[in-house]
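Undergrad: what's the 3D shape of this:
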Amino acid sequence: MKYLIVLAAATALAGCSKPAEQEPDAQAPEAAATQPAQVMAADGQPAPGTYRVTTEGGDVFTEELKPDGTYIQTDADGTVVETGRWVQKSPQDYCWTVDEQYREEGDMGAEKCNTEVVGADGVWTSTNADGETATVERM
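TA: From the prediction side, this is the model:
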């Protein structure tokens, strides 16, 4: 009889307790909140893409920014002239690091950044630390 009373009491207590918290499913995808928001380019669109860049001196090249953070720069003939890593820190701050095989003499591989803006006239300009400006067009 004592056993029955103890069993009944335990059952009653179990009914009053909070349900056990379930462990998260190990295979469930992580919440979207843990993924960083994608920073947009100066034109308000996602930064990865292909661009035509025209320097002040009239040189034209194509730059492909890949979603994995790498880029490929080609000249007008389609020859690869530079590769490296890029990051869009804000819509106005585009930075890159040139891969070693494409660095100029004395370039130690430091990150370089340009300030980018789309003017009231709709022209997208990118200005480097030396004040040199290029026009950027999304292709």
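Undergrad: So in the chain, which strand runs the longest?
TA: Determined from DSSP state E, the single longest strand within the chain is strand 80-90.
Undergrad: pretty sure residue 48 is in contact with residue 65, am I right?
TA: Yes. At 5.0 Å, residue 48 counts as touching residue 65 under the criterion of C-beta atoms under 8 Å. For every residue, glycine as well, the C-beta is placed using N, CA and C.
Undergrad: the more surrounded of those two?
TA: Set side by side, residue 48 and residue 65 show more neighbours around residue 65, with 22 against 16, by other C-beta atoms under 10 Å.
Undergrad: For that one, list each beta-bridge partner.
TA: In this structure, residue 65 has the following beta-bridge partners (DSSP bridges): residue 49, residue 71.
Undergrad: surely it meets residue 46?
TA: No. The pair formed by residue 65 and residue 46 falls short of the contact definition of C-beta under 8 Å, at 9.4 Å.
Undergrad: Not counting sequence-adjacent ones, nearest residue to residue 125?
TA: Leaving out its chain neighbours, the residue that sits closest to residue 125 by C-beta to C-beta, 6 or more residues apart in numbering is residue 133, at 5.2 Å.
Undergrad: so what's the backbone phi/psi at the one you found?
TA: Phi and psi for residue 133, reported as degrees, to the nearest 10, are phi -120, psi 140.
Undergrad: Now do the strands in this protein.
TA: When assigned using DSSP E, the strands of the chain occupy the ranges 49-55, 60-65, 70-74, 80-90, 93-98, 112-118, 124-127, 133-138.
Undergrad: Mean pLDDT and distance to residue 106 added to those, as JSON lines?
TA: Conversion of these to JSON lines gives the following (pLDDT from 0 to 100; distance: least, C-beta to C-beta, whole Å):
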{"stretch": "strand 49-55", "mean pLDDT": "97", "distance to residue 106": "20"}
{"stretch": "strand 60-65", "mean pLDDT": "98", "distance to residue 106": "22"}
{"stretch": "strand 70-74", "mean pLDDT": "98", "distance to residue 106": "20"}
{"stretch": "strand 80-90", "mean pLDDT": "97", "distance to residue 106": "16"}
{"stretch": "strand 93-98", "mean pLDDT": "97", "distance to residue 106": "12"}
{"stretch": "strand 112-118", "mean pLDDT": "97", "distance to residue 106": "13"}
{"stretch": "strand 124-127", "mean pLDDT": "97", "distance to residue 106": "22"}
{"stretch": "strand 133-138", "mean pLDDT": "97", "distance to residue 106": "22"}
